[in-house]
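>>> any chance you could fold what I've pasted below:
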Amino acid sequence: MDSQINAFPAGFDAAMPEPVAVTRWSARLADPQCERDYRLARFPDDRRRIMLLMVLVAAAGALIFLGRFYFRLLGGSGQEPLYPPLVSVVIPLCAILLFRRMPTPQALETAVLAVGAFGTTSRLFMLTLQPGLLAMWLPLIVTTVFVIYLYLPVRFVASVGLAAAFSIVTPIWWALLGHPAMPGTEIYHGVLWLVLANALGFTAANAMHRSQRTQFAQSLILQQLLSTDSLTGIANRRRFDSALQREWRRCLRDGLPLSLLMIDVDHFKAYNDQFGHQQGDNCLRHVARLLLARLWRPGDLVARYGGEEFVCLLPEAGPFGARTVANRLATAIQRANIPHPLSPAGERLTISVGVATATDLSGAPEALVALADKLLYAAKDAGRDRVVAGTLARAGAAVAA
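Residues are numbered from 1 along each chain as shown. The predicted model follows:
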């Protein structure tokens, strides 16, 4: 048992690390990056929803216009002007064209607020020209308040601000236009309805935003758990396979190389036999931490491939850069001086690395994995504790180095 206790350098905590991708999620709802991810995830649906709303508003305006036009043709007594419903058609159609060009959630929110302010102002001026519509104005105001709170794709703070401004300006305009014909009790009841609509809208919008963000955070936690190796805390095979497919397509599109390191802990079965499986698990955790600490580019990925094998995905890394990283990782493991008395390589833990680089990505990504695995076995057959590199020059052709 003493050999197990001293199997790691001083200062190494065998219980660490916690899962790298999961530990920060305790306060994730307050994380600005999480908020940005949330808004990006909802962006396509938000844009479709606001465009659908504009279509409905334009359709309502078109129906009103056709109705008024029809009664004019019949020579009816009503001579209501035709331009107000036309404005209700033109503004939403222009808004749809504008919203389609918005590339980010922030731009969409700015456009929605601008269109909302412009549309409200235009309706107020039309109300000035059509005082006969005052009787219908209160239902329109209450309905608009609920639409602002619950339907517009804007942040909660922005929806509260817009609804508050709308609820202050619109009733004042309404009361001034109706004075003195409008009774004071009707104005009072209108204000009460607006206060109630804002209270209900605020409560419902607050609950909706919290629920949506909580669900998003929980889905990300689940996604991270499914893509994290439970033993080492780094990416698992599932996440590596997904990243490989994604980076292969990206590098193929941009004409960039893609490198893959296949790493095996040398003589790990002998290590387990000597120290036990619990100490072997601690060893794998330590190796994972060392590998992760030596990958300095944000796009690089280290994952546990299976058993004592790890993989490192290096997008945009050519043969020289990939071999440099492999040597750096091997050196880091050597300098850690993890005791391995049964290892032929100086009684310390070492790794063997197969380095495969694809310069022609016209084939399938599985060819890169197969080459890296073949080069790893070449390193093990040559005596282990070494790096063997090769290039996948074209589909199905490998050039060893």
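
>>> ok, which stretches of the stretch 251-400 of the chain are helices?
Applying DSSP state H, counting those that start in this stretch to the stretch 251-400 of the chain gives helices spanning 268-275, 277-293, 319-336, 365-381.

>>> what pLDDT does residue 129 get?
For residue 129, the pLDDT comes out at 65.

>>> my bad, should have said residue 42
At residue 42, the predicted lDDT confidence score is 90.

>>> tell me if it really is in a helix.
Yes: counting by DSSP: H, G, I helix; E, B strand; the rest coil, residue 42 is located in a helix.

>>> in contact with it, which residues?
Residue 42 makes contact with 105, 153, 212, 216, according to Cβ atoms under 8 Å, 6 or more residues apart in numbering. Placement of C-beta: from N, CA and C, glycine included.

>>> over to residue 260?
Residue 260 neighbours (Cβ under 8 Å, 6+ apart): 244, 311-314, 322, 355-358, 368-369, 372.

>>> for residue 156, same thing?
Going by Cβ under 8 Å, 6+ apart, residue 156 touches 205, 206, 209.

>>> returning to what we had before: in helices, which of the contacts of residue 42 appear?
105, 212, 216 (DSSP state H).

>>> residue 98 reaches residue 115, doesn't it?
Yes: taking contacts as Cβ atoms under 8 Å, residue 98 lies within contact range of residue 115: 6.9 Å.

>>> compare those two (neighbour count), which wins?
Neighbour tally, residue 98 and residue 115, criterion other Cβ atoms under 10 Å: the higher count belongs to residue 115, 20 against 16.

>>> test my guess that that one contacts residue 90.
No: between residue 115 and residue 90 there is no contact under Cβ under 8 Å: 12.0 Å.

>>> count the residues that sit near residue 150.
So residue 150, with other Cβ under 10 Å, has 13 neighbours.

>>> what's around residue 212, how many residues?
For residue 212, the neighbour count with other Cβ under 10 Å is 12.

>>> and it, how far from residue 153?
To residue 153, residue 212 is 11 Å away according to Cβ to Cβ, to the nearest Å.

>>> do residue 117 as well
In this view, residue 117 and residue 153 are 16 Å apart by Cβ to Cβ.

>>> who has more neighbours, the two?
Taking other Cβ under 10 Å, residue 117 and residue 153 do not tie; residue 153 has more neighbours (21 against 13).

>>> which residues of this protein score low on pLDDT?
Counting by pLDDT under 70, the chain has low-confidence residues at 1-32, 75-81, 127-136, 175, 177-184, 394-401.

>>> for the protein, which segments count as strands?
258-265, 301-306, 309-315, 351-358, 387-394, 397-400 (DSSP state E).

>>> related to what we said a few turns ago, could you dump the ones in helices among the contacts of residue 42 to TSV with distance to residue 166?
Output for the ones in helices among the contacts of residue 42, formatted as TSV (distance: Cβ to Cβ, whole Å):
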residue	distance to residue 166
105	22
212	23
216	28
